[in-house]
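Participant: 3D model of this:
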Amino acid sequence: MFGSIWLLGVAQRRLNRWTPHGPPLARSAYPAFILQGPVLLGLAMAVRPLPADAEVKATVVAVGGLALSFWLGGLIVSRLSPAARVSWISPR
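Facilitator: Next up, the predicted model:
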């Protein structure tokens, strides 16, 4: 409990500025949230037969799932016409 609250406080203090990647990642965050379940399950099934330790597989699934979810979310937002017209974050 303490660790997650501490990490949230650090993020609020240090990650409060805009970067060039901020608006595209912000637009693809909700689709990434929706897609994370199927993506993580698919990756977990894909790495299951590999001859590696469970820690290595978990790291691959976590990092790959995060990247793949945001990539797919970005594709959905940028390619689909109704979603492409929506801009929740205006650049400053």
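
Participant: Which pLDDT value goes with residue 68?
Facilitator: On pLDDT, residue 68 comes in at 94.

Participant: Tell me which residues touch it, please.
Facilitator: 39, 43 (CB atoms under 8 Å, 6 or more residues apart in numbering). C-beta here means a position set from N, CA and C on the backbone, and glycine is covered the same way.

Participant: tell me which element it is part of?
Facilitator: helix 54-79 (DSSP states H and E).

Participant: Show me what the host helix or strand of residue 32 is packed against.
Facilitator: According to DSSP H and E, residue 32 maps onto helix 29-47. Using 3 or more CB pairs under 8 Å, 6 or more residues apart in numbering; DSSP states H and E as the contact test, the elements touching helix 29-47 are helix 54-79.

Participant: any idea how far residue 25 is from residue 70?
Facilitator: Applying CB to CB, to the nearest Å, one obtains 6 Å for the distance of residue 25 from residue 70.

Participant: Which residue of the two possesses the greater neighbour count?
Facilitator: Legend: neighbour count by other CB atoms under 10 Å for residue 25 and residue 70, higher for residue 70 (20 against 14).

Participant: Skipping adjacent residues, who's closest to the more buried one in space?
Facilitator: Spatially, and ignoring its direct neighbours in sequence, residue 70 is nearest to residue 32 (4.7 Å; CB to CB, 6 or more residues apart in numbering).

Participant: can you check residue 40 too?
Facilitator: Once flanking residues are discounted, residue 40 sits nearest to residue 65: 4.4 Å by CB to CB, 6+ apart.

Participant: who are the neighbours in contact with residue 29?
Facilitator: 70, 73.

Participant: Distance check, it against residue 5.
Facilitator: When distance is defined by CB to CB, residue 29 is 21 Å away from residue 5.

Participant: where does this structure have low pLDDT?
Facilitator: Where the chain drops to pLDDT under 70, the residues are 1, 81-92.

Participant: give me phi/psi at the residue located most distally from the centre of it?
Facilitator: Residue farthest from the centre of the chain, counting by CA atoms, centre = their mean, is residue 51 at 26.7 Å. Phi and psi for residue 51, reported as degrees, to the nearest 10, are phi -80, psi 80.
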